[in-house]
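S.K.: with the sequence up front, the predicted model follows.
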Amino acid sequence: MEEKTIKTYWSLDPDSGVPLAQPTGEETEGWTVLYLLPETLESVQRYWKNYVYTAGVMKRTVNWLPDLSIDHLIHKNEEAADTIEVLKQSLALLGGSQAQTTVEVQTAKSDIEEVKTATATMGGQLAEMMVANTTAEE
């Protein structure tokens with residue numbers, strides 16, 4: 001099974017994006033949320049001072065550290081996959097609703113035809129009664 005990214009919380013300097021404290025997995029108010037792959041988490045927790053937050057992504061300041069922009073992109077793909085799954089479920093529900101609506105429309109059309117037939121029959125009976133009434137008056 002594919003591993004999912006892990007939510008981490010970072011205390012960042014608002015001006016420079018430099019981490020001020022070791023990232024944590026526990027929700028911390030006011031800290032920035034970033035998602036990391038499980039295999040990069042240990043390295044990032046050990047070398048957190050060698051990263052900087054720019055353009056919405058943690059970037060390494062030395063080449064020997066894992067590139068966290070990859071983790072960011074993988075997380076974005078996970079979010080997109082979740083959204084696609086929700087949309088698929090919604091479409092399935094809408095398809096069922098559409099089928100039910102089609103049945104209801106066909107039933108309504110059938111009912112309308114029955115009303116038209118009954119109205120025509122009643123119109124014919126009314127015409128016969130008027131002719132009979134006119135004949136009786138003469």
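M.R.: Received it, and whenever you're ready, just let me know what you need.

S.K.: quick one: the helices in this protein, in order.
M.R.: 38-46, 68-137 (DSSP state H).

S.K.: quick check: which of those is nearest to Lys4?
M.R.: helix 68-137 (6.1 Å; CB to CB). The C-beta positions use only the backbone N, C-alpha and C, and glycine is treated the same way.

S.K.: relative to the whole chain's centre, how far out is the closest one?
M.R.: In terms of CA atoms, centre = their mean, to the nearest Å, the centre of helix 68-137 is set 25 Å apart from its chain centre.

S.K.: re earlier: CSV for the helices of the chain, including distance to Thr8 and mean pLDDT?
M.R.: Compiled in CSV, those are given as follows (distance: least, CB to CB, whole Å; pLDDT from 0 to 100):
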stretch, distance to Thr8, mean pLDDT
helix 38-46, 7, 88
helix 68-137, 10, 80
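
S.K.: list the residues that contact the closest residue to Val18 other than its chain neighbours.
M.R.: If you skip the residues right next to it in sequence, Val18 has Val52 as its closest partner in space, 5.6 Å away by CB to CB, 6 or more residues apart in numbering. Contact analysis of Val52 by CB atoms under 8 Å, 6 or more residues apart in numbering lists 16-19, 58-59, 61.

S.K.: list only buried entries from these.
M.R.: Applying 16 or more other CB atoms under 10 Å to the contacts of Val52, the neighbour count classes 17, 19, 58 as buried.

S.K.: mind listing what the second one touches?
M.R.: If you count contacts by CB under 8 Å, 6+ apart, Pro19 has them with 10-13, 48-49, 51-53.

S.K.: can you list which of the residues you listed are found in strands?
M.R.: 10, 51-53 (DSSP state E).
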